[in-house]
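Q: Sharing a model that was predicted from the sequence below.
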Amino acid sequence: MHSMLVKDVMIPDVVRVSPFATIREAMRLMKHRRVDSLVVEKRHANDAYGIITYSDILTAIVAEEGDIDLANVYDICAKPALSIPRAWEVKHAARLMTRLNVHRLLVTANNEIAGIITMNDIVEAMFNHLGDGL
C-alpha cells in the first residue's frame with residue numbers, strides 16, 4: 001500500500017496575518033478567505049510563527065468582554081505553532097496531532113512555511129484512499 005505523504009494532503013495556500021492585527025481584522029480576513037485559522041507572522045527574525053483559530057477568538061472575546069478592537073492577534077494566538085516537514089508520512093502527522101491534542105500543524109520545507117495540514121484533511125484523504133472499501 002502506498003503511504004500518503006504530508007505534501008500530498010496539505011493545503012499549500014496558507015493565509016497569513018500580521019501579529020499586530022486586531023481580532024476584528026483577523027475575523028474579517030478569515031471570513032473573506034473562508035478559512036478557520038490563520039498563520040500569525042513572526043514579529044522579528046528570531047520569533048516563532050503562531051496560529052489563531054475561531055476558538056482562540058471566541059475565548060478572547062469572552063475574556064475581553066466583547067471588545068475585539070483592543071487585543072492583537074499576537075496576544076491570543078497559539079505560539080509557537082507546531083510544524084512538521086512536508087516529507088513526513090501522514091500517519092506521523094496524525095499521531096502527533098492525537099498525542100498533543102491539536103487539530104492543525106504547519107508544514108515546512110527548508111524551514112519555511114509550505115502549507116498547513118489539519119485533522120480534517122487527514123480524515124478526508126483517508127476516506128478518499130479507502131474509496132469503495134468502506
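A: That came through fine.
Q: Run through the bridge partners of the spatially most central residue of the chain.
A: Nearest to the mean C-alpha position of the chain, by C-alpha atoms, centre = their mean, lies Arg104 at 4.7 Å. Going by DSSP bridges, Arg104 is paired in beta bridges with Thr118.
Q: That one is in contact with Thr118, isn't it?
A: Yes: using C-beta atoms under 8 Å, Arg104 is in contact with Thr118, at 4.4 Å. Where you see a C-beta, it was placed from the backbone N, CA and C, and this is true even at glycine.
Q: residues shared between the contacts of those two?
A: Ser37 (C-beta atoms under 8 Å, 6 or more residues apart in numbering).
Q: Any figure for the gap between Leu105 and Ile84?
A: Leu105 sits at a distance of 5 Å from Ile84 (criterion: C-beta to C-beta, to the nearest Å).
Q: So those two - more neighbours on which side?
A: The neighbour comparison of Leu105 against Ile84 (other C-beta atoms under 10 Å) goes to Leu105, with 25 against 17.
Q: wait, isn't the more buried one in contact with Gly115?
A: No: if you go by C-beta under 8 Å, Leu105 and Gly115 don't touch, sitting 9.7 Å apart.
Q: What ranges in this protein fall below the confidence cut-off?
A: 1-2, 64, 66, 131-134 (pLDDT under 70).
Q: now with 90?
A: Scanning the chain for pLDDT under 90 picks out 1-4, 45-46, 57-71, 75, 110-112, 125-134.
Q: To what extent is Ile116 buried, counted in neighbours?
A: Counted with other C-beta under 10 Å, residues neighbouring Ile116 total 23.
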